[in-house]
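Undergrad: mind folding the following:
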Amino acid sequence: MIDYSKFEKALRHLQAQFENYRSLDTALPDLLQEAVAESVIQRFETLYDCLWKVLKRYLSEELGVPEVPNSPKPIFRLAYENHLLPGSMEDWIEYANLRVDTAHDYSGEKAQKALARMEDFIRDATALYEQLRGHTGL
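TA: The predicted structure follows:
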């Protein structure tokens, strides 16, 4: 049986921190605003990593897919072929690229690009969670 608790917790934490980010008072010092944005990025990275690992187990254990790869993009392709992913394959490849970018570039530009797609990622991650769990609502 697949344990979804880490996926759910990571999703809830990203949702909450992204709401904090969206409702930030622009009068706050830049350093505080930056800290909240960085926290959103960290929570995105955590959820992303949890998500693809749970998806790997789902493909293997629930769907019986033989020889599931051990990296996100091929797993997303398999999941897409098995009608598991909400949204387009291009979206999931972009999420994967954003994850790589946020892990290896701290210039701020790539973080802003990730933040701009965060609402879409949260929506798709929530839909995936619900589909894998077989119900709606966290």
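Undergrad: now the protein, which segments are flagged as low pLDDT?
TA: In the predicted model, the chain carries pLDDT under 70 at residues 105-107, 135-138.
Undergrad: which residues touch the residue most central in space within the chain?
TA: Of all residues in the chain, the one closest to the mean position by C-alpha atoms, centre = their mean is Tyr48, 3.6 Å from it. The contact partners of Tyr48, by C-beta atoms under 8 Å, 6 or more residues apart in numbering, come to Pro72, Tyr95, Ala96, Arg99, Phe121. Where you see a C-beta, it was placed from the backbone N, CA and C, and this is true even at glycine.
Undergrad: how many residues are close by the second one?
TA: The tally of other residues near Tyr95 (other C-beta atoms under 10 Å) stands at 23.
Undergrad: ok, it - contacts?
TA: Contacts of Tyr95 (C-beta under 8 Å, 6+ apart): Tyr48, Arg117, Phe121, Asp124.
Undergrad: give me that answer again for 6 Å
TA: Tyr95 makes contact with Phe121, according to C-beta atoms under 6 Å, 6 or more residues apart in numbering.
Undergrad: what segments of the protein are helices?
TA: Counting by DSSP state H, the chain has helices at residues 5-22, 30-57, 72-81, 89-104, 109-133.
Undergrad: tell me what the third one is packed against?
TA: In other words, helix 72-81. Contacts defined by 3 or more C-beta pairs under 6 Å, 6 or more residues apart in numbering; DSSP states H and E place helix 72-81 against helix 30-57, helix 89-104.
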